[in-house]
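Engineer: give me the fold of what follows.
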Amino acid sequence: MFAPRRLVRGTIYIFGLIFLVSVALLTANRKRVIHLDDYLPSQLVPSYFQPGSDSYIVDIAIGDCNILNKKSASCGVPKASDGLYGDVGNNGGWIRLEKDLLLGLHWTSKRYLSVKRISSQYYEQNRDSVVLDIAVGNPEEDCAIKGNKNCIPKSILAEINKDHVFNEEDLANLKDLNKDKKPILKNDSSDSAEEVNEEVEKEEKDIYNQIIDTHNEEVDSSADNSHDEISELIDDKENISTNQEKGEIESTEEASSDVSPKSSEDSSEKRDRSLRKRYVEKSHHNLKDYMRIPSEKEITDSGWQKKSNNIWVKLGNASDKAVTGIDILFGEDAVDPRPNWTLLRAPLKKLGYSTALQPRLSIRKGNKVDYKSSKYQPKIEFGSDGKFKVLQVADLHFSTGVGVCRDPVPAQSAKGCQADPRTLKFLNRVLDLEKPDFVVMTGDQVFGDAAPDPETAFFKAVNPFIKRKIPYAITLGNHDDESSLSREQMMKIASSLPFSFAAVGPEVVDGFGNYPVTVQKNGSKKMGAVFYFLDSHSRSKQPKTNPGYDWFKESQIDWLQMQAAAKKDIARDKSLLSMAFFHIPLPEYRNLDQPRVGEHKEGITAPKYHTRMREALGVAGVQVASCGHDHANDFCLVDTQNKDSESQNSVWLCYGGGVGEGGYGGYGGYVRRLRVFELDSITKNIKTWKRAENDPDNTFDEQVVVDHGEVITSV
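Structural biologist: Have a look, this model is predicted:
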């Protein structure tokens, strides 16, 4: 009867031992003590126990080059032998970040940041240091700290002092720093002068008294001598203050005789308050006016080293928290929405083209995060109530930097107006009100030459959605590729970010950003809706024969029809809700004699060349199409083709309405706005409404455009 118990116990011991050994091996693999990838496929090792990185950053440098070689690949790059590890040959080397710190705005020179990388294998062979952290100093703040002769960044001081216990040496340094400090007396025959002096003296005493209390708690009772020394120091300061005040006594007494009873009562109350028991900080780290300056040895031991241009790097043994990526963003309103990246708020001063466009470092620690994992690619489905809400964001026109407001409403708000922050305030408000399930950006997220670093501008655009974990998709407009990145590069950035469902699209189809997004029914794998995203291109490539804007190509029409046919087969019924999004309107938007809801304030700048895209949308079963481009138009128009025939089909052609303050407005006081679509998988309805910047809490122009799967043809 005991054999089974012994067997169970033995089995538990064996499995427990296997578990502990496995964890030990995996941990050793993560720290690169052993190499399990030499024996096992990497996919069999859990991601948490994967090694830190396949390469490490070991140095950082900034270099300039002049007009003669500014187009050279070596422009601004240090020599191979420069920096830590020297010339590492094929095991790594200096890599230039392809962002000119001057944003291409300087006529005669360029300035680049380069990082030196080494392979993990080379590191293991040499076992020197790698970059574990980066800090950027702010000279105006850091150098103002008393005793901080080397202008060590506040963040580094806080890190080094975090676990430091206040000692006798610190006390001596504190006394030395304050030996020349004199009470500030106001030579004024008024009660306010006396109050100012009392307040200043009280603050000085509080600092020293707080240190006494902190000191007594952090060290043992042998610190009594230090207590006496600080007390003597306070007494000395009081004597200095008293002697100086004697010279002022006559004027003070004279002033006192003129003080009203009420003023005397107020003064008395203030003195009473100053005598009340003060709050005592439990740690010297929290003292407002005291920051300990570490010794040079402490700084060296901590691993921090100063590089050029107020950049500091922390060196140490490689770990899974080592710095593995560095990026550069620009402007005071820059953000980095990527979850494992940290934007350093202090700018690289005197390195940018202007104060408004100062560069800032953003760093990544540890492995790259897979933004295509389920954590960052949530399932897109209708809610339990059958609803699915889409927010259309058209024509943000974001800049590098805060941007310039164009035609703001009211006109008097133009003074001091910052375009992008103002636009984001409105956008964030609507996001909080509507709580959409999906966001669609229909082009001109980036405002061409106003965004010399398009990545900075685009990150600001998507940050509100990533922060709220809202899935989103984009189409490109005619301005998105007018800066330093091509349309393909812009789509690659957009598709690489968390919560993005954007895609570059098939190579055989003209343009970049032709792709579908499907919405599943709640709790089911069945398709309830499909969105088609189409690249409407930019300016015409045949300006002499077909001036104006470009048009949809035959390959895009064929792709749409094939996609739609496949989706209809999958849906197996005619109740599939279908929408299309693009930037530049179709020529059929000019059919203004048909029913419409909303404002038509400006000319419709559609291509002059007609293609079969409108017909293809109808054949594909698309019920609603929505675009941007014409900022001051926000109407929805129902376009019916082949009326009163068997091939009759209707499609609602809508505008989102421009939202960005950086884009044009005007046309009689156009107020920026956003459009919302709500799809219902139960009733097969689509309805839409808008919100305006001057009254975001209220909706307007609400209308049902699809009812029971059929396009409504009246308003």
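Engineer: show me the shaky parts of the stretch 451-600 of the chain.
Structural biologist: Applying pLDDT under 70 to the stretch 451-600 of the chain flags residues 571-574.
Engineer: now do the strands in it.
Structural biologist: Under the criterion DSSP state E, counting those that start in this stretch, strands of the stretch 451-600 of the chain are mapped to 472-475, 515-520, 527-533, 577-581, 596-597.
Engineer: out of these, which comes closest to G83?
Structural biologist: Smallest distance to G83 across these (C-beta to C-beta): 39.0 Å, for strand 472-475. For glycine as for every other residue, the C-beta is placed from the backbone atoms N, C-alpha and C.
Engineer: packing partners of that closest one?
Structural biologist: Secondary-structure packing of strand 472-475 (3 or more C-beta pairs under 8 Å, 6 or more residues apart in numbering; DSSP states H and E): strand 438-442, strand 527-533.
Engineer: other residues contacting it?
Structural biologist: Residues from elsewhere that reach strand 472-475 (C-beta atoms under 8 Å, 6 or more residues apart in numbering): 438-443, 445, 462, 465, 491, 494, 499-502, 513, 515, 517, 531, 533-536, 581-583.
Engineer: one more time with 6 Å, if that's ok
Structural biologist: 439-443, 465, 494, 501-502, 513, 517, 533, 581-583 (C-beta atoms under 6 Å, 6 or more residues apart in numbering).
Engineer: can I have it written out in PDB, keeping just the CAs?
Structural biologist: Output of strand 472-475 as PDB, limited to C-alpha atoms (Å, rounded to 0.1, in the frame of the first residue of the first chain):
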ATOM      1  CA  TYR A 472      -6.100  51.900 -36.500                       C
ATOM      2  CA  ALA A 473      -5.300  52.000 -40.200                       C
ATOM      3  CA  ILE A 474      -4.200  54.600 -42.700                       C
ATOM      4  CA  THR A 475      -4.200  55.700 -46.300                       C
END
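Engineer: what separates it from the chain centre, distance-wise?
Structural biologist: Its chain's average C-alpha position is 18 Å from that of strand 472-475, according to C-alpha atoms, centre = their mean, to the nearest Å.
Engineer: what does stretch 706-715 give?
Structural biologist: That offset, for stretch 706-715, works out to 40 Å (C-alpha atoms, centre = their mean).
Engineer: in it, what counts as buried?
Structural biologist: V706, G709, V711, I712 (16 or more other C-beta atoms under 10 Å).
Engineer: with stretch 604-624 instead?
Structural biologist: 604, 606-607, 609, 611, 613-618, 620-624.
Engineer: pick the one among the residues you listed closest to S647.
Structural biologist: S647 has its nearest neighbour among the buried residues of stretch 604-624 in G618, at 8.6 Å by C-beta to C-beta.
Engineer: which residue sits closest to the closest one, ignoring its sequence neighbours?
Structural biologist: Among residues not flanking G618 along the chain, N649 sits closest, at 3.5 Å (C-beta to C-beta, 6 or more residues apart in numbering).
Engineer: per-residue pLDDT, the one you found?
Structural biologist: Predicted confidence (pLDDT) for N649: 91.
Engineer: what is the nearest of the contacts of strand 472-475 to E554?
Structural biologist: Distance to E554 across the contacts of strand 472-475 (C-beta to C-beta) is lowest for F582, with 15.9 Å.
Engineer: sorry, back to before: tell me the phi and psi of the residue nearest to G618?
Structural biologist: phi -150, psi 150 (degrees, to the nearest 10).
Engineer: now do M613
Structural biologist: phi -60, psi -40.
Engineer: quick one: the helices in the stretch 401-550 of the chain?
Structural biologist: Counting by DSSP state H, counting those that start in this stretch, the stretch 401-550 of the chain has helices at residues 419-434, 454-468, 487-495.
Engineer: deepest of those helices, which one?
Structural biologist: helix 454-468 (a mean of 23; mean count of other C-beta atoms under 10 Å).
Engineer: list of residues touching that one?
Structural biologist: 329-330, 334-335, 337, 396, 398-400, 427-428, 431, 439, 445-446, 451, 472, 483, 485, 498-499.
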